[in-house]
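Peer 1: pasting a predicted model and its sequence here:
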Protein chains: 2
Amino acid sequence: MSLVLLSLKFSKNVLLLTTILLVESSRCGLVTRATRKLCSRMATRWGIVSAGRICNDFVTALSVLSQDEHQVKAIAARDLARAQEFAKLHNIPKAYGSYEELAKDKDIDVIYIGNVNCDHFPIGKLMIAHGKHVLVEKPLCLNKAQSTELINAAKAKNVFLMEAVWSRFTPAYNKIREDIANGAIGEPSNINVTFGVPIMGKDRIKLRELGGGCILDIGIYCLQLITMVFGTGAPLKVAATGTVSVSEGVDETCGAVLLYEGGKMATLAISGKMLLQNDAFVSGEKGTIKVCNPFWTPTRVESPSGVLDVELPTATNKFNFTNSVQLRHQAQEVRRCILAGELESKVMSHQDSLAIAALEDQLRRILGVQYAADL
Amino acid sequence: MSLVLLSLKFSKNVLLLTTILLVESSRCGLVTRATRKLCSRMATRWGIVSAGRICNDFVTALSVLSQDEHQVKAIAARDLARAQEFAKLHNIPKAYGSYEELAKDKDIDVIYIGNVNCDHFPIGKLMIAHGKHVLVEKPLCLNKAQSTELINAAKAKNVFLMEAVWSRFTPAYNKIREDIANGAIGEPSNINVTFGVPIMGKDRIKLRELGGGCILDIGIYCLQLITMVFGTGAPLKVAATGTVSVSEGVDETCGAVLLYEGGKMATLAISGKMLLQNDAFVSGEKGTIKVCNPFWTPTRVESPSGVLDVELPTATNKFNFTNSVQLRHQAQEVRRCILAGELESKVMSHQDSLAIAALEDQLRRILGVQYAADL
């Protein structure tokens, strides 16, 4: 209030404006470049790591949200020209040719890390070290050990960290959770899910040094559904088999059965070689929820409580992946958490990430797939 | 021809009739009660073992076929009163209080064995020993060892033997095989199937001494689809887990992944505790065939080649199980084989039964379920 009194020498109008600004500032905490705390009247300022396909989709999804809430302020890529091209396409003010520059940018609240799997851990650590909140594209890291370290780093630095399991923030997944909570299918006891798409030709999936393999790329979507429904406790038994590419030693297909306490069971089929039906079925004694293809970003859920059909908004720029406009929902959760001072999301918590990482580790171990980071 | 000449002493009309009869006889072989060979002009004469629910359905399904081709001549049950009651309901001329009497009945061509699993082997042997052709309700026997012995017995006695995997003879399964043969989905590489129904309360499923458990009762339908599509060669790897009833030690649920040569994979979930979605998906590089719930006796198949919808005829008597009128198709195959002098069906061969039995054995072994017959 002493600051408000200082304004008395100015005109009435200036005084009014200053008062409003300062009252807002006191609500949000003192605003400085170094210690800016996000306020509901301020837009969340995003920095983007990498100019790749998923980053294109994430930024395009953000463009559907209000500019008063979400603004992409900078993009960084190893190749400055690519960063500049990306910035131009998406009308982003700043482009950097290194991640360090982005990490040091004081006008950024939160970083979205969307580069190849093997970079999630080091870039995540870099951003956290610079006090940035971080949303990391799935998988959070290559294994549970890295995930644990990254989570601990975020906690130590008091910043928000979340694995970008965007499925969970879609209206369809909200319905799934509500249905289960309301007992629409009784106690869920069985999950059956397949995720198969022919993607093994892509470097990010094919190459082991990039953290390739279908478990981390698409299998995670099956595993996150299972842990969302059955909880983050480890299954009592995991039976799995699959195929590993001869040339690269990464998992191409994986079938698994996860048996949980009380006889709950999940069966999943993951294939990086071919298109499968890609529905998910969650069954309880009273019925089944069908999460329609593409179950990881569904627009239709059929449940005993009724059918949900989601209409998707369009964006000016083009998307690379199916229904990517739904990436925006997780961005809204990130903003909500940061505004509320929550360092993790209850919908996709650190514990969720660790449970999923443990399952990924276990499946890869059974199949005999090892990254350098595992050694 | 000498027999025909003998008829010359009769009137012209009698001569004509006798000639026709004898020409038919020479086509079908000499007709005596002991060595009757089935002729296309003669009805197949069925004898039924057990007066239980599936036998009711089988006989009711037969009632939809022409009486000129299929006639149920006798029913046998341990309890004569039950056999008589069954005979009355289904208008069957003879009822026996023992299986031995049925085995000795010279007016029976083929026996349908529909009693509890543990009886398939001994009753099958009994009927074969009496020279009867045999259709045995699935599972053929409790394990591969018994199945092998029963098949060898049938071969030695030169009689027809088939496991009643009725699914394979439905119009829907004909379409599946045709689609695969015609390349509608390319080389099939992935199968995903669930079969879950709450049946663990029933004695035939619950009790180990009857050959209970969900693998033999419903899991077989998943396994027969898999072997039909991927062939009868053993999978390279089988990963499975599940739950076993504490009281009885039989399998209640089982999830499994079967990995075949060339990276082909099948995932299946079997549950005797709850209703699952019960569709089956067979995927190849060019698309997926969806065998709609109930996949074991479907009336709808969705395929890249088009959708098949099957209309089912009605019967006078009531059925116990879903779409049981489709049981008649396997009966037609039995008749066709016997008329053609084929001792096994190409659609559901002895090798098929042995391959399925081997998989059932393997799954039960993994789960730790053992019958006395396994010891």
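Peer 2: Received it, and whenever you're ready, just let me know what you need. Values in this document were obtained by computation on a predicted structure and should not be read as measured data.
Peer 1: what segments of the stretch 201-350 of chain A are helices?
Peer 2: Assigned by DSSP state H, counting those that start in this stretch, the helices in the stretch 201-350 of chain A fall at A:203-206, A:214, A:220-230, A:327-340, A:350-367.
Peer 1: let me see the mean pLDDT of the shortest one.
Peer 2: Read it as helix A:214. On average, the pLDDT along helix A:214 is 98.
Peer 1: for it, packing partners?
Peer 2: If contacts are counted by 3 or more Cβ pairs under 8 Å, 6 or more residues apart in numbering or on different chains; DSSP states H and E, helix A:214 sits against strand A:251-260. For the C-beta atoms, the positions are set from N, CA and C on the backbone; glycine is no exception.
Peer 1: and stretch A:184-195, how far from the chain's centre?
Peer 2: Using Cα atoms, centre = their mean, to the nearest Å, the mean C-alpha position of stretch A:184-195 is found 23 Å from that of the whole chain.
Peer 1: kindly report the same for stretch A:297-313.
Peer 2: From the chain centre to the centre of stretch A:297-313 is a distance of 21 Å (Cα atoms, centre = their mean).
Peer 1: mind checking the end-to-end distance for it?
Peer 2: 14 Å (Cα to Cα, to the nearest Å).
Peer 1: got a list of contacts for that stretch?
Peer 2: With contacts defined as Cβ atoms under 8 Å, 6 or more residues apart in numbering or on different chains, stretch A:297-313 is touched by A:64, A:166-167, A:170-173, A:175-176, A:179, A:182, A:184-185, A:286-292, A:322-326.
Peer 1: same thing but 6 Å
Peer 2: A:64, A:171-172, A:175, A:179, A:184, A:287, A:289-292, A:323, A:325-326 (Cβ atoms under 6 Å, 6 or more residues apart in numbering or on different chains).
Peer 1: dump those to a markdown table, plus neighbour count.
Peer 2: Formatted as a markdown table, the contacts of stretch A:297-313 follow (neighbours: other Cβ atoms under 10 Å in any protein chain shown):
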| residue | neighbour count |
| --- | --- |
| A:64 | 17 |
| A:171 | 16 |
| A:172 | 24 |
| A:175 | 21 |
| A:179 | 22 |
| A:184 | 19 |
| A:287 | 18 |
| A:289 | 24 |
| A:290 | 20 |
| A:291 | 25 |
| A:292 | 18 |
| A:323 | 19 |
| A:325 | 18 |
| A:326 | 26 |
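Peer 1: can you lay out those as CSV showing pLDDT?
Peer 2: Listed next are those as CSV, based on pLDDT from 0 to 100:
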residue, pLDDT
A:64, 98
A:171, 98
A:172, 98
A:175, 98
A:179, 98
A:184, 98
A:287, 97
A:289, 98
A:290, 98
A:291, 98
A:292, 98
A:323, 98
A:325, 98
A:326, 98
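Peer 1: farthest-apart pair in those, please.
Peer 2: Greatest spatial distance among the contacts of stretch A:297-313 (Cβ to Cβ): A:64 and A:287, at 33.7 Å.
Peer 1: how about the nearest residue to residue A:102, chain neighbours excluded?
Peer 2: Setting aside the residues directly before and after it, residue A:102 is nearest to residue A:76 in space (Cβ to Cβ, 6 or more residues apart in numbering or on different chains), at 3.8 Å.
Peer 1: just list whatever residues bridge to the one you found.
Peer 2: Counting by DSSP bridges, residue A:76 forms beta bridges with residue A:49, residue A:96.
Peer 1: dump the residue contacts of it.
Peer 2: Per Cβ under 6 Å, 6+ apart, neighbours of residue A:76: A:49, A:83, A:96, A:99, A:102.
Peer 1: how about the fourth one, what does it touch?
Peer 2: By Cβ under 6 Å, 6+ apart, the contact set of residue A:99 is A:49, A:76, A:123.
Peer 1: if we can go back for a sec, between the contacts of residue A:76, which sits nearest chain B?
Peer 2: residue A:49 (34.5 Å; Cβ to the nearest Cβ).
Peer 1: tally up the residues packed near the closest one, please.
Peer 2: 29 (other Cβ atoms under 10 Å in any protein chain shown).
Peer 1: isn't it up against residue A:110?
Peer 2: No. With contact defined as Cβ atoms under 6 Å, residue A:49 does not count as touching residue A:110 (11.1 Å).
Peer 1: please list all residues in contact with the most centrally placed residue in chain A.
Peer 2: The centroid of chain A falls nearest to residue A:164 when counting by Cα atoms, centre = their mean (0.5 Å). Counting by Cβ under 6 Å, 6+ apart, residue A:164 touches A:135, A:137, A:138, A:330.
Peer 1: now these in a markdown table, with secondary structure, distance to chain B and neighbour count?
Peer 2: A markdown table is the format used below for the contacts of residue A:164 (DSSP: H, G, I helix; E, B strand; the rest coil; distance: Cβ to the nearest Cβ, whole Å; neighbours: other Cβ atoms under 10 Å in any protein chain shown):
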| residue | secondary structure | distance to chain B | neighbour count |
| --- | --- | --- | --- |
| A:135 | strand | 32 | 27 |
| A:137 | strand | 27 | 24 |
| A:138 | coil | 22 | 23 |
| A:330 | helix | 28 | 25 |
